[in-house]
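>>> With the sequence up front, the predicted model follows.
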Amino acid sequence: MDEEQTLVQKARNQLKQFLTECRIQEYKGKSILEIGFKNGLFLNECHKAGLIPTGIEINKKYCDTVTLKFPHLNIIWYDGGTVPLSDESFDFVVSYQLFEHVTSTEHMLNECIRVLKPGGTMFHVCPNHHSFYDGHFNVIWLPFLSKASGRLYLKLLRRYRPDYETLNIVKPKEVAQILQRHNCIRIISLGRAEFINKFNLEQIEKLNLKLLQKILKLLLRLRFLTRIIVQLIAKADVYYPITIIARKE
């Protein structure tokens with residue numbers, strides 16, 4: 001399978017994940033907004049599935065490339081501030097690996113809630129900064145590191161890059177606090193159950209970090225203790241990733 005086919009399959013898996021984990025059965029003809037669409041493949045899979053997709057992106061190059069490749073998609077370039085779309089205009093709002101790159105988690109979540117229709121669902125997947133893994137630097141992470149201590153840790157591992165300074169720290173507790181300020185929002189999940197349910201050999205083998213693979217495979221071999229340990233990890237909010245599922249009443 002070449003790189004393009006791999007990316008297309010990933011987009012299909014993302015759409016399946018969204019529909020399955022949000023328990024959405026009726027979706028054809030409904031509007032969906034993806035924030036930060038990058039290669040546009042997820043939006044195109046939504047189109048093929050019968051959804052009405054719109055994508056917004058701050059990277060002009062991505063917008064131009066996707067517009068040429070998929071002229072049937074509704075693509076919008078914006079400045080990263082207020083989303084240039086009307087209130088309550090989408091049935092679904094989704095993003096993948098977005099919140100660690102925004103200036104303000106609260107502002108972005110508020111904008112998602114604003115453009116979501118009553119009865120609509122939003123679904124966001126992003127790294128948990130207080131987890132045991134960091135995908136951007138592909139290292140075992142130490143839970144609860146601050147921005148400063150994380151910088152020092154990466155330098156000690158010789159993995160530090162300047163783009164670390166632009167990463168937004170996202171934690172489940174803070175996400176919950178932001179969402180709870182909106183009386184119209186009902187939190188379905190922040191990823192605990194999804195983490196527990198997906199803790200299996202297939203998911204572990206998708207990790208790029210071999211050392212972490214070995215540790216998690218060893219945990220699987222503990223059998224009767226595995227689920228207890230995994231549940232403790234989830235309860236301590238050090239699971240990975242954060243999966244935000246919320247509905248607007």
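Sure, I can see it. Residues are numbered from 1 along each chain as shown.

>>> Could you check stretch 75-93 and say which residues are buried?
Within stretch 75-93, the residues that count as buried by 16 or more other CB atoms under 10 Å are 75, 77, 80, 83, 85, 89-93. Quick note: C-beta positions are derived from backbone N, CA and C, even for glycine.

>>> Which of the residues you listed fall in strands?
75, 77, 90-93 (DSSP state E).

>>> So what's the gap between the longest helix anywhere in the chain and the chain middle?
Identified as the longest helix of the chain according to DSSP state H is helix 3-21. Remark: helix 3-21 is offset 13 Å from the chain centroid, using CA atoms, centre = their mean, to the nearest Å.

>>> State the mean pLDDT of that helix.
On average, the pLDDT along helix 3-21 is 95.

>>> Please apply the same query to stretch 215-228.
Model confidence over stretch 215-228, given as mean pLDDT, is 91.

>>> How about that stretch, which residues are buried there?
216, 219.

>>> May I have that stretch as PDB, with CA atoms only?
Output of stretch 215-228 as PDB, limited to C-alpha atoms (Å, rounded to 0.1, in the frame of the first residue of the first chain):
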ATOM      1  CA  ILE A 215       5.900  -2.000  28.000                       C
ATOM      2  CA  LEU A 216       2.300  -2.100  27.000                       C
ATOM      3  CA  LYS A 217       2.600  -5.700  25.600                       C
ATOM      4  CA  LEU A 218       4.100  -6.700  28.900                       C
ATOM      5  CA  LEU A 219       1.000  -5.100  30.600                       C
ATOM      6  CA  LEU A 220      -1.300  -7.200  28.400                       C
ATOM      7  CA  ARG A 221       0.500 -10.400  29.600                       C
ATOM      8  CA  LEU A 222      -0.600  -9.600  33.100                       C
ATOM      9  CA  ARG A 223      -4.100 -10.700  32.000                       C
ATOM     10  CA  PHE A 224      -6.400 -10.400  35.100                       C
ATOM     11  CA  LEU A 225      -4.400  -7.400  36.300                       C
ATOM     12  CA  THR A 226      -4.500  -5.600  32.900                       C
ATOM     13  CA  ARG A 227      -8.000  -4.200  33.100                       C
ATOM     14  CA  ILE A 228      -7.500  -3.000  36.700                       C
END
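
>>> State the distance from the residue nearest the centre of the chain to residue 170.
Centroid check for the chain by CA atoms, centre = their mean gives residue 125 as the closest residue, at 1.6 Å. Note on residue 125: its distance to residue 170, by CB to CB, to the nearest Å, is 11 Å.

>>> which neighbours do these two share?
residue 242 (CB atoms under 8 Å, 6 or more residues apart in numbering).

>>> show me where this protein has helices.
3-21, 41-48, 60-69, 105-115, 147-156, 172-180, 192-197, 201-204, 210-221, 226-235.

>>> Could you report the neighbour count for residue 236?
12 (other CB atoms under 10 Å).

>>> Kindly report the same for the one 4 residues further on.
When neighbours are defined as other CB under 10 Å, residue 240 has 21 of them.

>>> what sits against the closest residue in space to it that isn't next to it in sequence?
Excluding its sequence neighbours, the residue lying closest to residue 240 (CB to CB, 6 or more residues apart in numbering) is residue 131, at 4.0 Å. Applying CB under 8 Å, 6+ apart, we find residue 131 in contact with 141, 143, 238-241.
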